[in-house]
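**Q** pasting the structure only:
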């Protein structure tokens, strides 16, 4: 791997780390491109080439993963969880959750049974595959 590719990967990882850390904040491609020190168009293309999905899809999946945890481990309302993980409307949260997980948040909560199972198995089984 040459030096330019390593630098590009570091920049993309910096932006992805920001998405992992600040997933509940409003993040858009221009803001993430500034973190990576590249143009928005270059960022979107390079992120997809590096990680296999668009920045928007990665951020949605990250938010849904966190929502899945909160649905399993808390008794907060579905709407509250949607807002807590960064969605701006209950409808968008529910639609995105269903598209990624294959079930509505309420159905997922009813079906989630984590009692007596080690966390590593629960996390591996519950990770979205879309």
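**A** Noted; the coordinates are in hand. Since we're looking at a predicted model, the values are computed, not measured.

**Q** Can you name every helix or strand that the helix or strand hosting residue 6 contacts?
**A** Element membership for residue 6 (DSSP states H and E) is helix 3-21. Judged by 3 or more C-beta pairs under 8 Å, 6 or more residues apart in numbering; DSSP states H and E, helix 3-21 is in contact with helix 29-36, helix 40-51, helix 55-73. The C-beta positions use only the backbone N, C-alpha and C, and glycine is treated the same way.

**Q** Kindly recompute the last result at 6 Å.
**A** Other elements packing on helix 3-21 under the criterion 3 or more C-beta pairs under 6 Å, 6 or more residues apart in numbering; DSSP states H and E are helix 29-36.

**Q** ok and the helix it packs on relative to helix 55-73, angle-wise?
**A** With axes from the mean of the first three to the mean of the last three C-alpha atoms, to 10 degrees as the basis, helix 29-36 and helix 55-73 are set at 90 degrees to each other.

**Q** buried sites along helix 29-36?
**A** The neighbour-count check on helix 29-36 (16 or more other C-beta atoms under 10 Å) flags 29, 32-33, 35-36 as buried.
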